[in-house]
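> Following is a predicted model, sequence given first.
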Amino acid sequence: MDKRVALFIRTLKEKKLKLALAESVTCGLAAQLLAGAPGTSEVLAGSIVCYSPEVKTTLMGIPESMIERYSCESMEVTEALAKKLPKLLGADVYAAVTGLASPGGSETNAKPVGSVFLVVYYQQTLFRQKKVFRGTPLAIRKKACFGLYRMILDKLP
């Protein structure tokens, strides 16, 4: 097991916090990396894989107009996903991640492949980060997961 995963789970467990995830670019990898580690069942409430625009609108309740205006891979949509999670999963910490792991999406010069949007919603406060990772699509997804875990740990008291 990765030491970063062990630290992440241990910290959430010590603080008695449950985590809920909305995963787009990571396709469930953020939850999968936690699976099987001691204590995961005590800290992971669940993860919703909301990869397609249809799932973002129908299940997550993101307005189509927001997706059309900003794209599925944007800070605005990621914030909305994080804020919708409390209606779907009971937890203390809510986190969402969107982005571009491979060509063919909404990439631009300002939003190249590797762009990842991370949002943590904790105690009615939104924390945001945009990162640009390099590597294969899988490497970008893994970096997004570990970036999200680190961000969560950094925002907890």
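Cool, got the structure.

> Would you map the strands across this structure?
With DSSP state E as the criterion, the chain has strands at 19-23, 44-49, 93-99, 115-122, 125-132.

> Any chance of those in a markdown table with mean pLDDT, mean neighbour count and distance to residue 11 as columns?
Using the backbone N, CA and C atoms, a C-beta is placed for each residue, glycine as well. Formatted as a markdown table, those follow (pLDDT from 0 to 100; neighbours: other Cβ atoms under 10 Å; distance: least, Cβ to Cβ, whole Å):
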| stretch | mean pLDDT | mean neighbour count | distance to residue 11 |
| --- | --- | --- | --- |
| strand 19-23 | 98 | 27 | 11 |
| strand 44-49 | 98 | 19 | 13 |
| strand 93-99 | 98 | 26 | 11 |
| strand 115-122 | 98 | 24 | 13 |
| strand 125-132 | 98 | 14 | 16 |
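
> These into JSON lines, with extra columns for distance to residue 87?
Below are the strands of the chain laid out as JSON lines (distance: least, Cβ to Cβ, whole Å):
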{"stretch": "strand 19-23", "distance to residue 87": "10"}
{"stretch": "strand 44-49", "distance to residue 87": "11"}
{"stretch": "strand 93-99", "distance to residue 87": "10"}
{"stretch": "strand 115-122", "distance to residue 87": "12"}
{"stretch": "strand 125-132", "distance to residue 87": "16"}
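
> To residue 85, which of those lies closest?
Residue 85 sits nearest to strand 93-99 of all the strands of the chain, at 4.1 Å, using Cβ to Cβ.

> List the neighbouring strands of that closest one plus their orientation.
Using DSSP bridges, the strands paired with strand 93-99 are strand 19-23 (parallel), strand 115-122 (antiparallel).

> Put the alpha carbons of the first one into CSV.
The C-alpha atoms that make up strand 19-23 are tabulated as CSV, following Å, rounded to 0.1, in the frame of the first residue of the first chain:
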residue,chain,number,x,y,z
LEU,A,19,-15.1,11.5,2.7
ALA,A,20,-17.4,11.7,-0.3
LEU,A,21,-16.1,12.0,-3.8
ALA,A,22,-17.4,13.2,-7.2
GLU,A,23,-14.9,11.8,-9.8
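
> Is it correct that residue 113 is in contact with residue 101?
Yes. Contact criterion Cβ atoms under 8 Å: residue 113 and residue 101 qualify, at 7.2 Å.

> Could I get the full set of helices for the protein?
Using DSSP state H, the helices of the chain run over 3-14, 29-34, 40-43, 53-58, 64-70, 75-88, 137-155.
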